[in-house]
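In: When you get a sec, could you give me coordinates for this:
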Amino acid sequence: MKAIIRRGIFLFILLLPSLALAYTETIYVCQGGRGSAVNAGTCSGAYDDSALASSGAWSSSVSADGKIGPGDLVLFMDDGGAFTSNMDTKANGRAGQPITFSVAPGDTVTWRPSSGNAINIRHQYITIDGNNKNLTIHHSGSGGTTQIIDAASSSTNEADYFTLKDTILIGPGPGSVYNSECLLMDDDNFTITGNEISHCVTGIIFRSDTTGEQQGLISNNYIHHMDAPIAGDQWTGQDCILLKGQDSNINYMNYGGVVVSHNHLSYFIDDGIDMFGAYGVTFEYNEVGPADGSGHSGIECNGIKMAGAVTGTGDGTIVRYNYVHDFTGTCDGSAITSNGNGGGSTGMFVYGNLVENIQKNGINLDANEQRGVEGNMKIYNNTVINVDGYAVSINRNDIEGTEVYNNILDGGSADLRTSSSNNKNATGGCNILVNDRGPVGSHYTEDGGCPDLDNTDPLLNADFTLQADSPAIDAGTHLNNSSVKALLPESAWPNDVVVVEPQFDGTRGEIGAYAYIYNAEPLKGEGVFTNIKKD
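Out: Numbering: from 1, shown residues only. The predicted structure follows:
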C-alpha cells in the first residue's frame, strides 16, 4: 500500500446517494506512482505498505489531524497495481460518524494481499463501500484458516456496527486446500448488502459472541460457488451463509433481530443458508438455487437449513416468500429443512415459498422436539412442485401445534408425509395433493371444515401462477395469522417480489403461494406489478 495523503478539511460529497454525507476530512490512499490530481487528492510517492496497518495513521478524535478517525472518508485510488498489504483498524468510528472506506470516483481498485487476511475489522462503526462494486478484494491464497475480511472482535475491541456494501469478495477457488472464509463476523448490528461473494468455503459466517437478541441485515447479495475444499476433496461446510451460535451457547443464541432477505445464493456444495445453534431469524425474498453436486460425494445441498436451536424464549424463525429451485447432480438435501429446530417458544413459520425441482424433499421438518419447550410449526400457502421425495415431510415430531394449510404439494414419494416416529399429530386442510400420495402416516388429522383436495391438478401456468380455472382460486381457508401474504403474479426473485393480502381479489385466499387477480390489468415497472388497475 502506498502513501496516505490528506488534502485539507472540507465537506466532501461523493457522487453516490449511499455516501452523500458530510465528512470531517477526506484521505486518499494509493499504492504509488500515479502523480495526477483526482478530486483534490494526489497519488504520488514511494510505496508505504505499512500505512493502513500502522497505529500512527489512525486517530480516535474527530479532528483535521491528517489521520483516519471518526467521520472521515478514506478513498482508495487506482494507480495501476493491486493493493498487497493488510489493513487492521486502529480506531472506532461513532454513531452518525463512521469511518468510511470507499473508492475514488472513476477508479477501480483491486486488493490482493500477499498473506493473511486482507482486512481485519476490530473496531466499531466501520463502513466499507465498494462504490458500485469498483472494489474487488481477493483471498491471499495463504494456507491455514484465513478470511478475506475478518470482522470478529478482539480481546479488547468489538466490531459492532460494521457495514460492507457494494464490494466484490473472491476466494481462492476449487483448487485450494485452505479453510477460507470470505467474511467472518461475531459482533452485533451489522449490515451486509449489495455485495458479490464467491469461491470460498463459506461466504458469510456470523457467530455471535454475546447473549441477548442480535441485530443484523444480510440483503441483496449475490453469493455463489462455495467450492473451495477445506483439504483435498473434503467437501464440508460449503455454505453461502452460515449463522452459527458459539459452541458454549449453542442452544441459546437469539438472532431475532437478524434479517436475511433478497439474496441470490447458488452453486453451494452444502447449504445455501445454514442456521445452526440459533433461532429467530427472518429469511425472506431470497432466491436459493441452482445447486449442482456433480463430481462430489457425501454432500447435501440444502436450500435453507435450520438445526440445533432447541431451546430459547425468543421470537420464532420465519421462512417466507423464498424461491428454492433446481438441485441436481449428487445433491441429496431438501429445499427447506429443519433438524432439532422449533424456532424459540413461539415456533417456526414456513409460508408463501415457491419450491421446484428438488431431488429430495421440499419442506422437511425433522427431529423437532425443542427439548420440552412446546412450540408451533406452521406450514402455510407454499407451492412445492416437482420434488423427487416428499413435498412436505414431518418426521420425529414432538411439538404440539404443527399445522399444514393451503399448500399445493407435488412429491414423487408422497405429497404429505407424517412419520410413524412422531409423538404429536399434525393437523391441516385445504391442501391440493397433486398425486394423491398422502397423507402418508397416521399422525395427520384432516380439518373437516376444509378437506384436502386429493389427486387434483392445480392448473398452474409455466411460472406456477394460477390459471383462470384453477381449483386453488378462492379455495383456501382463512388463517388467523395476519402475517401471511400472497405472492403477486410476475414477482421476480430476488429483488422484485411483491406480496398482497390473501383476500386481495376474491372472497377467500388462494391455495398455494400466489394470489389470483380477477379482471385486472398489470401496470408493469421493472418487471413487476407496481399497481393494479381493475376493470
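In: Now do the phi/psi pair for residue 363.
Out: phi -120, psi 120 (degrees, to the nearest 10).
In: What count of nearby residues applies to it?
Out: 31 (other Cβ atoms under 10 Å). C-beta: built from backbone N, CA, C; applies to glycine.
In: pLDDT wise, what is residue 252 at?
Out: With respect to pLDDT, residue 252 scores 62.
In: Using PDB, list the CA coordinates for stretch 403-420.
Out: This file holds the C-alpha atoms of stretch 403-420, laid out as PDB (Å, rounded to 0.1, in the frame of the first residue of the first chain):
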ATOM      1  CA  GLU A 403     -50.300 -27.100  11.100                       C
ATOM      2  CA  VAL A 404     -50.300 -27.700   7.300                       C
ATOM      3  CA  TYR A 405     -52.800 -25.500   5.400                       C
ATOM      4  CA  ASN A 406     -53.400 -24.100   1.900                       C
ATOM      5  CA  ASN A 407     -50.400 -25.700   0.200                       C
ATOM      6  CA  ILE A 408     -50.000 -27.100  -3.300                       C
ATOM      7  CA  LEU A 409     -47.900 -30.200  -2.900                       C
ATOM      8  CA  ASP A 410     -46.400 -32.400  -5.600                       C
ATOM      9  CA  GLY A 411     -44.000 -35.000  -4.300                       C
ATOM     10  CA  GLY A 412     -42.600 -38.100  -6.000                       C
ATOM     11  CA  SER A 413     -42.600 -40.200  -2.900                       C
ATOM     12  CA  ALA A 414     -45.600 -38.600  -1.200                       C
ATOM     13  CA  ASP A 415     -47.300 -35.200  -1.300                       C
ATOM     14  CA  LEU A 416     -47.600 -35.100   2.500                       C
ATOM     15  CA  ARG A 417     -45.900 -37.500   4.900                       C
ATOM     16  CA  THR A 418     -46.000 -37.800   8.700                       C
ATOM     17  CA  SER A 419     -43.600 -40.300  10.100                       C
ATOM     18  CA  SER A 420     -44.700 -43.200  12.400                       C
END
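In: List the buried residues in that stretch.
Out: Using 16 or more other Cβ atoms under 10 Å as the test for burial, stretch 403-420 gives 403-419.
In: Can you flag which of those residues belong to strands?
Out: Counting by DSSP state E, these place 403, 404, 405, 408, 409, 410, 411, 414, 415, 416, 417, 418 in strands.
In: ok, which pair from these is furthest apart?
Out: Farthest apart among those by Cβ to Cβ are 403 and 410. That separation is 19.9 Å.
In: For the residue nearest to residue 358 when sequence neighbours are not counted, give me its contacts.
Out: Distances taken as Cβ to Cβ, 6 or more residues apart in numbering place residue 387 nearest to residue 358, at 4.3 Å, with adjacent residues excluded. Each residue near residue 387 by Cβ atoms under 8 Å, 6 or more residues apart in numbering is listed here: 335, 355, 356, 357, 358, 359, 360, 361, 362, 410, 411, 412.
In: quick check, nearest of these to residue 196?
Out: Using Cβ to Cβ, residue 335 comes nearest to residue 196 of these, at 23.8 Å.
In: Just give me the neighbour total for that closest one.
Out: 33.
In: Return the distance of it relative to residue 224.
Out: 18 Å (Cβ to Cβ, to the nearest Å).
In: Check residue 489 too.
Out: The value you get for residue 489 to residue 224, if Cβ to Cβ is used, is 27 Å.
In: is it true that residue 126 touches residue 89?
Out: Yes: using Cβ atoms under 8 Å, residue 126 is in contact with residue 89, at 5.7 Å.
In: Quick check: neighbours shared by the two?
Out: Common neighbours of residue 126 and residue 89 (Cβ under 8 Å, 6+ apart) are residue 99.
In: Mind checking the pLDDT average for stretch 283-300?
Out: On average, stretch 283-300 scores 86.
In: what does stretch 394-411 give?
Out: Rounded mean pLDDT across stretch 394-411 is 85.
In: what about it, how long is it end to end?
Out: Chord length of stretch 394-411, first to last residue, is 14 Å (Cα to Cα, to the nearest Å).
In: which SSE is the spatially most central residue of the chain in?
Out: Geometric centre of the chain, nearest residue: residue 260, 4.2 Å, by Cα atoms, centre = their mean. According to DSSP states H and E, residue 260 maps onto strand 257-261.
In: What of residue 150?
Out: strand 145-151.
In: Please compute how far that strand lies from its chain's middle.
Out: 18 Å (Cα atoms, centre = their mean, to the nearest Å).
In: CA atoms of that strand as CSV?
Out: Provided in CSV are the C-alpha atoms of strand 145-151 (Å, rounded to 0.1, in the frame of the first residue of the first chain):
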residue,chain,number,x,y,z
THR,A,145,-7.7,-20.6,8.3
THR,A,146,-7.8,-17.2,6.6
GLN,A,147,-10.5,-14.7,5.8
ILE,A,148,-10.8,-12.0,3.2
ILE,A,149,-12.5,-9.8,5.8
ASP,A,150,-12.4,-10.7,9.5
ALA,A,151,-14.8,-8.6,11.4
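In: isn't residue 274 right next to residue 303, touching?
Out: No: with contact defined as Cβ under 8 Å, residue 274 does not count as touching residue 303 (10.2 Å).
In: quick one, which of the two is more surrounded?
Out: Using other Cβ under 10 Å as the criterion, residue 274 and residue 303 rank with residue 303 on top: 32 against 24.
In: who's the residue nearest to the centre of the chain bridged to?
Out: Residues in a beta bridge with residue 260, per DSSP bridges, are residue 218, residue 283.
In: shift numbering so it begins at 54
Out: That works, and once the first residue is 54, the last one we named lands at residue 313.
In: Quick check: it vs residue 272, distance?
Out: For residue 313, the distance to residue 272 equals 7 Å [Cβ to Cβ].
In: Kindly report the same for residue 195.
Out: 31 Å.
In: who's more crowded, those two?
Out: For residue 195 versus residue 272, neighbours defined as other Cβ under 10 Å are more numerous around residue 272 (20 against 15).
In: which regions of the stretch 454-588 of the chain sit below the pLDDT cut-off?
Out: By pLDDT under 70, the low-scoring segments of the stretch 454-588 of the chain are 476, 490-494, 572-588.
In: how about the strands of it, start to end?
Out: Taking DSSP state E, counting those that start in this stretch as the test, the strands found in the stretch 454-588 of the chain are 456-458, 461-464, 467-471, 479-482, 485-486, 497-499, 506-507, 539-540, 552-553, 573-578, 581-587.
In: just checking, residue 109 is part of a strand?
Out: No: counting by DSSP: H, G, I helix; E, B strand; the rest coil, residue 109 is not found in a strand; it is helix.
In: In contact with it, which residues?
Out: Residue 109 sits next to residue 120 when contact means Cβ under 8 Å, 6+ apart.
In: what separates it from residue 551, distance-wise?
Out: 52 Å.
In: show me where the protein has helices.
Out: Ranges of helices in the chain, per DSSP state H: none exist.
In: hmm, back to that, of all the ones in strands among the buried residues of stretch 456-473, which comes closest to residue 523?
Out: residue 461 (9.4 Å).
In: Leaving out chain neighbours, which residue sits closest to the closest one?
Out: Nearest non-adjacent residue to residue 461 (Cβ to Cβ, 6+ apart): residue 565, at 4.0 Å.
In: okay, now that neighbour: neighbour count?
Out: 32.
In: show me the residues around it that make contact.
Out: 434, 435, 436, 459, 460, 461, 485, 511, 517, 519, 525.
In: re the thing from before, can I get the contacts of residue 440 in JSON lines with distance to residue 295?
Out: Below are the contacts of residue 440 laid out as JSON lines (distance: Cβ to Cβ, whole Å):
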{"residue": "388", "distance to residue 295": "18"}
{"residue": "408", "distance to residue 295": "22"}
{"residue": "409", "distance to residue 295": "25"}
{"residue": "410", "distance to residue 295": "24"}
{"residue": "411", "distance to residue 295": "21"}
{"residue": "412", "distance to residue 295": "22"}
{"residue": "413", "distance to residue 295": "21"}
{"residue": "414", "distance to residue 295": "21"}
{"residue": "415", "distance to residue 295": "22"}
{"residue": "463", "distance to residue 295": "30"}
{"residue": "464", "distance to residue 295": "28"}
{"residue": "465", "distance to residue 295": "30"}
